[in-house]
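Sharing a model that was predicted from the sequence below.
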Amino acid sequence: MTGAVVPAARPGRGPGRVRTAVLASVADQGVAALTNIAVVVFVARGADAATFAHFAVVYTVFTLLLGAFTAYVGQALVLCRGDTAERARECRTAVAFTPVAAAAFTVPLTVPALVVPGGIPSGLAALGLVLPVVLTQDALRYAFSLLGRPGRALAGDLLRLAVVLPALAMLPSGTGTFGTVLAWGLSALPALALGLFLLRRAIGPARRVPETGPGGTPGADPAGDRGGEPMGDGPARRPLRALLARGHLGRRFVVEFGVGNAGTHLAVIGLGVFASPLAVGALRGATTLFGPMNVLYNAVTGFGPPLLNRLGAPARRARAAAATGGALAVMAVCWGLVLYLLPAEAGRQVLGETWDAAAVLLPATGTQYAIMAAGVCGLVTLRVLRPGATLPIQVTFSALSVVCLVGGYLLGGVLGAAWGLVVGSAAKSLAAWWRVRRVLRDPGPEGEADPGETAAPRDPEGRAGAAPGCGRTPAGVREDARDAGVRPPV
């Protein structure tokens, strides 16, 4: 039976190499966020009001699709804990799956333009054409994270940033939404080409794998003249339909993404519609000021699992995540103090007239982000130890955060709403770490045994299945749900 063990650290991968990987991951996330901000600002400054309004709507649709694909493909990918060949195979599968899945959105996005040409429908049509390019380029970032090569992801994102702004600058005056979105999307082609080249160098070309070999083992030479060694020089990939399987962890993560984002956003929108639009502006303004912390939290969520998996024992992973959460909490407090002490004149240069309303919320928002640091690291730890256990926490406490937000507003206006979000974030953080503690203390029904120390499952025909954490819902999660008489969300 093929064991699915946590890969040992490569020779020479000391603390310095780990620090370099962490810095490269944070820098890559920062460059990606900077690119998104720069694109919106650049289009806003160069396009007329109508074109920018249409572009903003299209870009919002893209942001939602990007988040969904990141959850379904990227976040499931970085949880893989197989050996080098297993991880390379998963990377090739994810990168091949992304453009195919993205192309499925082309027709739904282009059909409205056939009915109502121009404006937002034409922008959505352009988005449908370039979606496979931009999403595949983003998927490569997670592949390099899993392979321990975040510097290559950073190189691709730097090239993306260097190309997109000149591409938009060269657009002639009066370019409509279709041309603007098309130029933005096609500007990712050089970064995509570089990423595919670097990925091929990292994992080699695909190899031909027979359906079954002697004893039903995939990849063995049927003739036996190669001693059962794999054919070719590089790793094979799984069939793309494997990422559509019912047990794929991406299904859970998409639900988490939807619940975590939709609930709070809808509640904030509801405040603007039924209460005061100024409350929405103040909350959004205060949150925008903590953008640098969002970059760090996204880096932890997207690129933290491969780094934690290198630490071996579950307790060591949890301690490292807790230390990271503490460091991020301190950074959030310090950043909040900097903003709180910022002169009003400087603050108005950033947020304009919204600064006065947002500045009142800084103590609450700073507290929320400090607590969120612990919550983010707790959820990442839980994903590493038991991936399927995060969904109930996200669903329950995202709903609680909405209740706290609305209740706080009813009791204390916009400031009460901000402190309500603090209460919701604190509850989610406590729940995440409480669950981590149970997983560490009880390796039985409540706590999954460390997947890195167990053998890979086999299917009924005797073939080795995917390593736990490589995109499949752990068996323990399914069995717990079945024993409780409920059907686990998939």
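Perfect, thanks for sending it.

tally of neighbours for the residue nearest to Y340 when sequence neighbours are not counted?
Of all residues not flanking Y340 in the chain, L362 sits nearest, at 4.9 Å (CB to CB, 6 or more residues apart in numbering). Where you see a C-beta, it was placed from the backbone N, CA and C, and this is true even at glycine. Per other CB atoms under 10 Å, the neighbour tally for L362 reads 22.

How about V107?
9.

so where does it fall, helix or strand?
Using DSSP states H and E, V107 falls within helix 106-115.

what is the orientation angle of the next helix or strand after that helix with helix 106-115?
Per DSSP H and E, the first helix or strand lying C-terminal to helix 106-115 is helix 119-146. Interaxial angle of helix 119-146 relative to helix 106-115 (axes from the mean of the first three to the mean of the last three CA atoms, to 10 degrees): 160 degrees.

and the residue nearest to P292 when sequence neighbours are not counted, what does it touch?
Distance criterion CB to CB, 6+ apart; nearest residue to P292, sequence neighbours excluded, is W335 at 6.6 Å. Neighbouring residues of W335 by CB atoms under 8 Å, 6 or more residues apart in numbering: F290, P292, M293, G366, Y369.

Touching, G119 and F178? I think so.
No - assessed by CB atoms under 8 Å, G119 is found out of contact with F178, at 9.3 Å.

Mind checking which of the two has more residues around it?
Using other CB under 10 Å as the criterion, G119 and F178 rank with F178 on top: 22 against 19.

just so I have it, where are all the helices in the stretch 151-300 of the chain?
Along the stretch 151-300 of the chain, counting by DSSP state H, counting those that start in this stretch, helices occupy 177-186, 189-203, 249-270, 277-289, 291-309.

now swap in the stretch 301-450 of the chain and tell me
Under DSSP H, counting those that start in this stretch, the stretch 301-450 of the chain gives helices at 314-340, 344-351, 355-360, 362-385, 390-441.

CA atoms only: put the shortest one into PDB for me.
Okay, so that is helix 355-360. C-alpha atoms of helix 355-360 as PDB (Å, rounded to 0.1, in the frame of the first residue of the first chain):
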ATOM      1  CA  TRP A 355     -12.800  60.000   7.100                       C
ATOM      2  CA  ASP A 356     -14.600  61.700   9.900                       C
ATOM      3  CA  ALA A 357     -17.200  59.000  10.100                       C
ATOM      4  CA  ALA A 358     -14.700  56.200   9.600                       C
ATOM      5  CA  ALA A 359     -12.200  57.500  12.200                       C
ATOM      6  CA  VAL A 360     -14.800  57.000  15.000                       C
END
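
what's the offset of it from the middle of its chain?
Mean-position distance between helix 355-360 and its chain equals 30 Å (CA atoms, centre = their mean, to the nearest Å).

Among the helices of the stretch 301-450 of the chain, which comes closest to A202?
helix 362-385 (22.6 Å; CB to CB).

quick one: that closest one to helix 390-441, angle?
Using the same axes, to 10 degrees: helix 362-385 against helix 390-441 is 70 degrees.

Helix 362-385 packs against which elements?
Packed against helix 362-385, as judged by 3 or more CB pairs under 8 Å, 6 or more residues apart in numbering; DSSP states H and E, are the following elements: helix 277-289, helix 291-309, helix 314-340, helix 390-441.
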